[in-house]
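Enquirer: Give me a model of this one.
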Amino acid sequence: MSSIPAVVVSLSAASGLDFILGDPWSLPHPVQFMGHYIQGYQRLLVARVKSPTGQRLLGVLLMLSLVSLSMAMSWGAIAFAARLHPWLGQGLAIVLLASCFAGRSLRHAADDVLKPLEAGDLEGARDRLKLYVGRDTENLSAIEIQRALFETATENAVDGVLAPLFFAIIGGTITPLGPVPLALGYKALSTLDSMVGYREMPYRHVGWCSAKTEDIATWLPCRLAVLSIALWSGQPRQVLRLCRRDAHLDPSPNAGWSECAYAAALDVQVGGENLYRGVVKEKPLLGEDLQPLTAERVEQAFRLTRRCFLSWLGLAIAFFWGFS
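Expert: Numbers count the residues shown, from 1 in each chain. Below is the predicted model:
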């Protein structure tokens, strides 16, 4: 192992572990502990403060404390394990880093919905989709189910797959902490955004800081992802043209760019009418409706994500090996 940089071992093995195993539901996962922390924090502190200003201050402390704890505890655990044995520290780093990548989990979720859909079980597909998206699924058609899967896969490709890799590479490049703490810190931000980063009450004030910070942290990896998707699509000018035209219409500074890049690369259109708790919300149309949005397009989106991930990983490995 002495001839191979430790960061290369961590990145390569963690990527392979996520590709092969994903996140086994029977084993503890860092996100579970993050979720318990967020829920406990809300029960003990946020629920007792009613003023918007107080909740915003508690939201700032929630974000800072969870991100800091995630980074510090992962660094400390790896350092302690490495003192017991170098391979033990390396193994723990690999497992923790693999937990930051959600590539196989996203693919599993899509397959879980597509299997009953392809078998003609529309009701079963709606029930499975309900586990993975926030929109109402009870009356969705097959086409709408496929659109929901495509939008979920392409939005989460950045914050669930590519951005954690980006921060792992940055952590291994310009900090003494290594790749894991920064990746887990970003994972904590992403978890906060998914749990409390809503504009509606009761999360509007407490989740404001987490949502804004996650938007800022995701901005650069999202733009690099858009560029990578454009290059891998074979039609970069079209992809970038449509992104410049449509992506800013989405209220999210990142999700619109991610979804639009995939839609433009695969000649489909996403967005339109969605139902959330019985309330209709109109999402902007992104891309052009040149091809039907089928299960095959969902599969192609996953292949694009995998190509982007492997190209980033390959460039990082070449960099670390070249400077070792």
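Enquirer: now this structure, which segments are flagged as low pLDDT?
Expert: When residues are selected by pLDDT under 70, those of the chain lie in 1-3, 24-26, 324.
Enquirer: at 50 what do you get?
Expert: Low-confidence segments of the chain, defined by pLDDT under 50, span residues 1-2.
Enquirer: Show me where it has its strands.
Expert: Using DSSP state E, the strands found in the chain span residues 269-276, 279-287.
Enquirer: List the buried residues in stretch 234-251.
Expert: By neighbour count on 16 or more other C-beta atoms under 10 Å, the buried set for stretch 234-251 is 236, 238-240, 242-243, 246-247, 250. Just so you know, the C-beta spots here come from the backbone N, C-alpha and C atoms, and that holds for glycine as well.
Enquirer: ditto for stretch 62-79
Expert: 62-63, 66-67, 69-71, 74-75, 78.
Enquirer: ditto for stretch 113-128
Expert: For stretch 113-128, by 16+ other C-beta under 10 Å, it's 113-114, 116-117, 125-126, 128.
Enquirer: I'd like the buried residues of stretch 234-251 as a markdown table, with distance to Y186 appended.
Expert: Below are the buried residues of stretch 234-251 laid out as a markdown table (distance: C-beta to C-beta, whole Å):
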| residue | distance to Y186 |
| --- | --- |
| P236 | 27 |
| Q238 | 31 |
| V239 | 25 |
| L240 | 26 |
| L242 | 28 |
| C243 | 23 |
| D246 | 26 |
| A247 | 22 |
| D250 | 21 |
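Enquirer: ok, these vs D136, which is closest?
Expert: For the buried residues of stretch 234-251, the minimum distance to D136 (C-beta to C-beta) is 20.0 Å, reached by D250.
Enquirer: Distance check, that closest one against R204.
Expert: Distance, D250 to R204, using C-beta to C-beta, to the nearest Å: 20 Å.
Enquirer: same thing with L117?
Expert: In terms of C-beta to C-beta, L117 sits 35 Å off from R204.
Enquirer: For D127, see how far away the residue lying closest to A148 once chain neighbours are set aside is.
Expert: In space, and not counting its chain neighbours, A148 is closest to V133: 5.3 Å by C-beta to C-beta, 6 or more residues apart in numbering. Separation of V133 from D127 (C-beta to C-beta) stands at 12 Å.
Enquirer: mind listing the helices for the chain?
Expert: For the chain, helices defined by DSSP state H occupy the ranges 6-20, 30-44, 52-84, 86-98, 103-118, 122-129, 142-157, 163-174, 179-196, 208-233, 236-246, 255-265, 295-322.
Enquirer: which outside residues touch the second one?
Expert: Identification of contacts with helix 30-44 by C-beta atoms under 8 Å, 6 or more residues apart in numbering yields 58, 62, 65-66, 69-70, 74, 96, 99-100, 184, 187-188, 191-192, 195-196, 206.
Enquirer: Could you give the separation of it from the chain centroid?
Expert: In terms of C-alpha atoms, centre = their mean, to the nearest Å, the centre of helix 30-44 is set 19 Å apart from its chain centre.
Enquirer: Okay, buried residues for that helix please.
Expert: Of the residues in helix 30-44, 30-31, 33-34, 37-38, 41-42 count as buried by neighbour count, 16+ other C-beta under 10 Å.
Enquirer: what's the answer for the fourth one, then?
Expert: For helix 86-98, a neighbour-count test (16+ other C-beta under 10 Å) marks 89-98 as buried.
Enquirer: Could you work out the most separated pair of these?
Expert: Checking these with C-beta to C-beta, the most distant pair is G89 and A98, at 15.1 Å.
Enquirer: coming back round to it: the residue nearest to A148 contacts E155, doesn't it?
Expert: No. The criterion here is C-beta atoms under 8 Å, and V133 misses it with E155 at 10.2 Å.
Enquirer: what about the closest residue to T173 other than its chain neighbours, neighbour count?
Expert: Spatial nearest neighbour of T173, chain neighbours left out: F319 (7.4 Å); criterion: C-beta to C-beta, 6+ apart. For F319, the neighbour count with other C-beta atoms under 10 Å is 16.
Enquirer: from memory F319 sits against I170, does it?
Expert: No. Look at F319 against I170 with C-beta under 8 Å: they stay out of range, at 11.6 Å.
Enquirer: just to revisit the earlier point, which of the buried residues of helix 30-44 sits closest to A142?
Expert: For the buried residues of helix 30-44, the closest approach to A142 (C-beta to C-beta) belongs to V31, at 31.0 Å.
Enquirer: what residues are up against S65?
Expert: Y41.
Enquirer: mind checking how far the closest residue to R128 other than its chain neighbours is from A125?
Expert: Spatial nearest neighbour of R128, excluding adjacent residues (C-beta to C-beta, 6+ apart): V113 at 4.7 Å. Note on V113: its distance to A125, by C-beta to C-beta, is 5 Å.
Enquirer: Which neighbours do the two have in common?
Expert: With contacts defined as C-beta under 8 Å, 6+ apart, the residues adjacent to both V113 and A125 are I145.
Enquirer: In contact with the residue lying closest to Q238 once chain neighbours are set aside, which residues are there?
Expert: In this structure, Q238 finds its nearest non-sequential neighbour in A264, 6.2 Å apart by C-beta to C-beta, 6+ apart. Neighbour list for A264: 230, 233, 238-239, 241-243, 286-288 [criterion: C-beta under 8 Å, 6+ apart].
Enquirer: Brilliant, that's me finished.
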